[in-house]
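> For reference, the sequence and a predicted model appear below.
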Amino acid sequence: MNTCFLIGHRDAPDSILEMLILEVERHIVQYHVTEFIAGNYGNFDRLALTAVKYAKQRYPMIKFTLLLAYYPSSNIPDGADETMYPPNMENVPKRAAIIRANRYMIEHSDYLITYAQHSVGNTWKLLQYAKKRKNILGIKNLAK
């Protein structure tokens, strides 16, 4: 079972949705990805869930896992098959929780789809971190 982590700027434009839908489908068909994982903290995450929900109409065997940076969470969007709270997050300060959860997913995913438009912020830093990881088999930046 291959996993794909989706991460991008919280202000990602809605105009990337079609490109994101195509990329999710490509990962299913070409890389045999069966699980997509994203957070729930910005527009890119909302677009990621929309793209995976769309793909599930054609590929019902795939699943969407919502990455939780805070536990418990009452903000579970419709369409999430399950939630995941990374281990050892209990004592992480709230201001660092999203970064720590995202880093965990980069360390435990096979593929990464991102929207890193500018070199400011945590999305860009996490993209650079992912490029150094040996476990990541492929990275697609939709901003390029």
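All right, it came through fine.
> Mind listing what's buried along the strand or helix carrying residue 27?
According to DSSP states H and E, residue 27 maps onto helix 17-31. By neighbour count on 16 or more other CB atoms under 10 Å, the buried set for helix 17-31 is 17, 19-21, 23-25, 27-28. C-beta here means a position set from N, CA and C on the backbone, and glycine is covered the same way.
> How many neighbouring residues does residue 134 have?
By other CB atoms under 10 Å, 5 other residues sit near residue 134.
> next one: residue 53
Look at residue 53: counted by other CB under 10 Å, it has 16 neighbours.
> go on, residue 101?
The tally of other residues near residue 101 (other CB under 10 Å) stands at 20.
> again, but for residue 11
By other CB under 10 Å, 11 other residues sit near residue 11.
> Quick check: it touching residue 41?
No. Using CB atoms under 8 Å, residue 11 makes no contact with residue 41, being 11.5 Å away.
> quick revisit: and the helix holding residue 27, what does it pack onto?
For helix 17-31, the helices and strands in contact under the criterion 3 or more CB pairs under 8 Å, 6 or more residues apart in numbering; DSSP states H and E are strand 2-8, strand 33-38, helix 43-58, strand 111-115.
> Could I get the average pLDDT for the first one?
Think strand 2-8. The pLDDT scores in strand 2-8 average 97.
> mind listing what that strand pairs with, with the direction of each?
strand 33-38 (parallel), strand 111-115 (parallel) (DSSP bridges).
> Could you identify which of the ones you listed is most buried?
strand 111-115 (a mean of 24; mean count of other CB atoms under 10 Å).
> could I have that strand exported to CSV, CA atoms only?
Once non-C-alpha atoms are left out, strand 111-115 reads as follows in CSV (Å, rounded to 0.1, in the frame of the first residue of the first chain):
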residue,chain,number,x,y,z
TYR,A,111,5.0,10.2,-2.3
LEU,A,112,4.4,13.9,-1.8
ILE,A,113,2.1,16.3,-3.7
THR,A,114,2.6,19.9,-2.7
TYR,A,115,1.8,23.4,-3.6
